[in-house]
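Q: I would like the atomic coordinates for the input below:
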Amino acid sequence: KNQIWLSSAGTVNRVTGVESHFKYNAQHRPTQWVQSQVFYQIFPDRFCKGNPDIAVKTDEYHYHNGDHRV
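A: Numbering: from 1, shown residues only. You can find the predicted model right below:
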């Protein structure tokens, strides 16, 4: 029976060293520096015009209290 282990080093056939183990925050509290960060989620498929069904529609988004439309 083969096992594949996943760590920050990628997939390997054996247990990796502690330095590449994932860290788990059991208290579910982010570190202090995270609170001042800005995170962006970029979905490249929304920019590709290969499939018009997933493209942004006219007036789909409004921002600045509806003064600006995208």
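Q: So the most centrally placed residue in the chain, which state does it fall into?
A: A centroid search over the chain (C-alpha atoms, centre = their mean) returns Gln41, at 6.1 Å, as the residue closest to the centre. Here Gln41 is recorded as coil under DSSP: H, G, I helix; E, B strand; the rest coil.
Q: This protein: strands as residue ranges?
A: Listed in chain order, the strands of the chain (DSSP state E) span 5-7, 10-12, 62-63, 68-69.
Q: I'd like to know which of these is closest to Ser36.
A: strand 62-63 (22.8 Å; C-beta to C-beta). C-betas here are computed from N, CA, C, even on glycine.
Q: mind checking how far Val34 is from Tyr40?
A: Applying C-beta to C-beta, to the nearest Å, the value for Val34 to Tyr40 is 14 Å.
Q: Tell me which of these two has more neighbours.
A: Just comparing Val34 and Tyr40: by other C-beta atoms under 10 Å the higher neighbour count belongs to Val34, 9 against 4.
Q: before we move on, the earlier item: could I get the contacting residues of the residue nearest to the centre of the chain?
A: Contact analysis of Gln41 by C-beta atoms under 8 Å, 6 or more residues apart in numbering lists nothing.
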